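Asker: structure, please.
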Amino acid sequence: MIKNENLSSLAVKNSAFGIIAAIISKVGGALFIILIARLLLPKLFGIYSLVISIIIIILTFADFGLNGTVVRYVSKALGKENFGKARAYIRYTLKLKLLLLLILTLGILVFSKFLAYDLYKNPLLFYPLLFSSFYIIIESLRAFFGNLFLAIKNLRPIPPLEFLHQILKMGFAAVAIFFLSDSFKIAGIFIASAMAGAIIVIFMFFLLFKRNKKLFFGKPKKIENTKILNYLKFMSIASISLVFFGSIDTLMLGLFVDSIYLGYYRAALGLILTIAAIFSFSAILLPIFTQINNQRFQRGFEKTFRYAIILTIPSFFGGVILSKYLIFTLYGLEYMPAIYSLYVLSPLIIIAPLVALYSTIFQSKAKVKTLAKSIFWALILNLILNIIFILIFLRISQESAILGAGIATVISRVFLLGCLMIKAKSQMKLNLIKKDIFKPIIASIIMSFFLMLYLQIINLNFILGIIGLIFGILVYFISLWLVKGIGIEDLKLLKSFKKEKVQKINL
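Answerer: Below you'll find the predicted structure:
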């Protein structure tokens, strides 16, 4: 158990590699999306986006909350040095995982034709859906074994593995797009991604087996399956509701607008969620939050919330101001209509990391029933708002319809965040400190004035854009320092992160 160790220093020590891996994953994922968006162009990219939205839902059913469950129970067992129970949890959850994958793979083979020809009436969906079964199996296993590294708090191998995965995925996908015809390009991307993932799964299993034989060999201790299944029940409801929550806009737009407009929408949403995901590091702290209580738990939450706010608020302001340049630079001239969707969706840069943080908090304290209910009602609201706004805005144009979907998405996520905040305050006494929010806003406004003035004076190109961005970041942090939004303690934590040492930082 975590007893006398300082939470901040322990979080730095155990999460440094995880944060690096997360950045590599998100940046690599963003580069992958940009690469295929440029190579496929909006129409085929729209089809790819619809297929990947369907696949993400299937992957969530393949997970069924198992990844979060294995992290919680294995880390808790290892915290008590109970290897027998940890071994039993791994075997039990892996068996459930393989069973789910078998059922879902058969389902894909049966229903691919119906989805492509009858529901969406787009034959180009058929082969990607069919061949995505390989990708689903590999990606599901990669996520499972990756979570074992998180559970045992040994994240050192993850950054190089993640870097290799991103390189292989982009390389294989580029080859598939260049050499296959339009009918098979998207299917080729999923086959390429499955090949890249398979290589990483082999490396992951080898490293886990080599360094943690006790997790795989030996007699497992008896575990309470009913307790796990009860936790898993609400985890699955939460995870499935959440993935529908994140995909319902794309699925519904696929029914009402041409794939080219879906491509614009997904380009904007992908960019926003990539920025947001870089700051969603709270999941790395799940094993730590699981093992601490009372005041240490509250202080740990407050620090994580504060740093998320410090990073996301200026990213929101900067994203809005630089949206036109971001779309043009990253996706090209063909995707410029995505700018308006980017404006509408930009609040997710702040909202999404906070939702991830609160979700982690509820998972760590086994309050997944509360989490599941909140996500479920937010999903219902999202569905209703999408139907209303898409149909209303569709009367104007298809381009307006994608804005309607964006508005529905933002409103429903604000609702979810509000529910989680209220529940966290009433059930766990987690209160917010207002100055943690207001000071980054003041510094972000100062930064925004600088960026707007810079854009007025400078004839922007790529190099000058990077220079302006660097100066904007400097202006923000200097302003934040002057309004006492950051201090010496934060610099000490940053220093300890760089040196990867355990520092004594008062929490």
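
Asker: output the longest helix belonging to this protein.
Answerer: helix 7-63 (DSSP state H).

Asker: quick one: least confident helix or strand in this structure?
Answerer: Least confident helix or strand of the chain, by mean pLDDT, DSSP states H and E, is helix 286-290 with a mean of 48.

Asker: after that one, which helix or strand is next?
Answerer: Sequence-wise, the next helix or strand beyond helix 286-290 is helix 294-321, with elements assigned using DSSP states H and E.

Asker: burial count for residue 426?
Answerer: Residues lying near residue 426 (other CB atoms under 10 Å) number 10. Where you see a C-beta, it was placed from the backbone N, CA and C, and this is true even at glycine.

Asker: my read: residue 275 touches residue 318, true?
Answerer: No - assessed by CB atoms under 8 Å, residue 275 is found out of contact with residue 318, at 9.2 Å.

Asker: can you pull the poorly scored residue ranges out of the stretch 401-507 of the chain?
Answerer: 433-435, 489-507 (pLDDT under 70).

Asker: coming back round to it: now the longest helix of the chain: average pLDDT?
Answerer: Average pLDDT, helix 7-63: 77.

Asker: repeat for stretch 130-141
Answerer: Across stretch 130-141, pLDDT averages out at 89.

Asker: the helix or strand encompassing residue 403 to helix 294-321, inter-axis angle?
Answerer: Using DSSP H and E, residue 403 sits within helix 398-428. Relative orientation of helix 398-428 versus helix 294-321 (axes from the mean of the first three to the mean of the last three CA atoms, to 10 degrees): 160 degrees.

Asker: buried stuff in helix 398-428?
Answerer: The neighbour-count check on helix 398-428 (16 or more other CB atoms under 10 Å) flags 398-417, 419-421, 423-424, 428 as buried.

Asker: centre of the chain to the following helix or strand past it, how far?
Answerer: Counting by DSSP H and E, the next helix or strand C-terminal to helix 398-428 is helix 435-457. Chain-centre distance of helix 435-457: 26 Å, with CA atoms, centre = their mean, to the nearest Å.

Asker: now do residue 470 against residue 363, distance only.
Answerer: Per CB to CB, to the nearest Å, residue 470 is found 37 Å from residue 363.

Asker: just residue 140 next, same as before
Answerer: Residue 140 is 19 Å from residue 363, by CB to CB.

Asker: next, the contact list for residue 97, please.
Answerer: 62-63, 66, 140-141, 144 (CB atoms under 8 Å, 6 or more residues apart in numbering).

Asker: one more time with 10 Å
Answerer: By CB atoms under 10 Å, 6 or more residues apart in numbering, residue 97 lies in contact with 62-64, 66-67, 70, 140-141, 143-144.

Asker: among the residues you listed, which ones are in helices?
Answerer: The members of those that map onto helices under DSSP H are 62-63, 66-67, 70, 140-141, 143-144.

Asker: residue 167: neighbour count?
Answerer: Neighbours of residue 167 (other CB under 10 Å): 12.

Asker: same deal with the one 5 residues further on?
Answerer: Counted by other CB under 10 Å, the residues lying close to residue 172 total 19.

Asker: what about it, which helix or strand?
Answerer: According to DSSP H and E, residue 172 maps onto helix 158-179.

Asker: buried sites along that helix?
Answerer: For helix 158-179, by 16+ other CB under 10 Å, it's 158-159, 161-162, 165-166, 168-170, 172-174, 176-177.

Asker: nearest to residue 487 among those?
Answerer: Distance to residue 487 across the buried residues of helix 158-179 (CB to CB) is lowest for residue 159, with 29.4 Å.

Asker: hang on, isn't that closest one packed against residue 146?
Answerer: No - assessed by CB atoms under 10 Å, residue 159 is found out of contact with residue 146, at 11.8 Å.

Asker: overlap of the contact sets of these two?
Answerer: What both residue 159 and residue 146 touch, as defined by CB under 10 Å, 6+ apart, is the set 21, 25.

Asker: can you name the residues in contact with stretch 447-467?
Answerer: 313-314, 317-318, 320-322, 324-326, 329, 440, 468-469, 471-480.

Asker: ugh, wrong one, stretch 103-117
Answerer: Counting by CB under 10 Å, 6+ apart, 50-51, 54-55, 58-59, 61-62, 64, 118-120, 122-134, 136-137, 140 sit against stretch 103-117.

Asker: derive a PyMOL selection command for the buried subset of those.
Answerer: Here is the PyMOL command that selects the buried residues among the contacts of stretch 103-117 (16+ other CB under 10 Å):
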select buried, resi 50+51+54+55+58+59+61+62+64+120+122+124+125+126+127+128+129+130+131+132+133+134+136+137+140
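
Asker: next one: the residue with the largest distance to the centre of the chain from residue 471, what distance?
Answerer: Distance from the C-alpha centroid of the chain, by CA atoms, centre = their mean, peaks at residue 457 (36.6 Å). Residue 457 sits 12 Å away from residue 471, going by CB to CB.

Asker: could you do residue 182 as well?
Answerer: From residue 182 to residue 471 the distance is 44 Å (CB to CB).

Asker: check residue 237 too.
Answerer: Look at residue 237 and residue 471: by CB to CB, they are 47 Å apart.

Asker: which one of those two is surrounded by more residues?
Answerer: The neighbour comparison of residue 237 against residue 471 (other CB under 10 Å) goes to residue 237, with 19 against 14.

Asker: test my guess that that one contacts residue 369.
Answerer: Yes - with contact defined as CB under 10 Å, residue 237 counts as touching residue 369 (8.5 Å).

Asker: read off the pLDDT value for the spatially most central residue of the chain.
Answerer: Closest to where the C-alpha atoms of the chain average out (CA atoms, centre = their mean) is residue 277, at 4.8 Å. The model reports residue 277 with a pLDDT of 77.

Asker: sorry, back to before: nearest to residue 308, of the contacts of residue 97?
Answerer: Nearest to residue 308 among the contacts of residue 97: residue 67, at 21.8 Å, using CB to CB.

Asker: so what's the residue count around the closest one?
Answerer: Here the number of neighbours of residue 67 (other CB under 10 Å) works out to 25.

Asker: quick one: contacts for it?
Answerer: 60, 93, 97, 140, 143-148, 150-151, 235, 239, 283.

Asker: of all the residues you listed, which comes closest to residue 86?
Answerer: Of all the contacts of residue 67, residue 151 has the smallest distance to residue 86: 7.9 Å, by CB to CB.

Asker: number of nearby residues for the residue nearest to that closest one when sequence neighbours are not counted?
Answerer: Spatial nearest neighbour of residue 151, chain neighbours left out: residue 74 (4.0 Å); criterion: CB to CB, 6 or more residues apart in numbering. By the criterion of other CB under 10 Å, residue 74 has 25 neighbours.

Asker: could you check how far the helix or strand encompassing residue 74 is from the centre of its chain?
Answerer: Using DSSP H and E, residue 74 maps to helix 66-79. Relative to the centre of its chain, helix 66-79 is centred 20 Å away, using CA atoms, centre = their mean.

Asker: which residues do residue 275 and residue 318 both contact?
Answerer: What both residue 275 and residue 318 touch, as defined by CB under 10 Å, 6+ apart, is the set 326, 346, 349.

Asker: between those, which sits nearest residue 253?
Answerer: When the shared contacts of residue 275 and residue 318 are compared against residue 253 (criterion: CB to CB), the nearest one is residue 346, at 18.5 Å.

Asker: confidence score at that closest one?
Answerer: For residue 346, pLDDT reads 92.

Asker: likewise the one 5 residues further on?
Answerer: You'll see residue 351 listed with a pLDDT of 91.

Asker: residues contacting it?
Answerer: Contacts for residue 351 were tallied using CB under 10 Å, 6+ apart; they are 276, 312, 316, 409-410, 413-414, 416-417.

Asker: alright, I will stop here.
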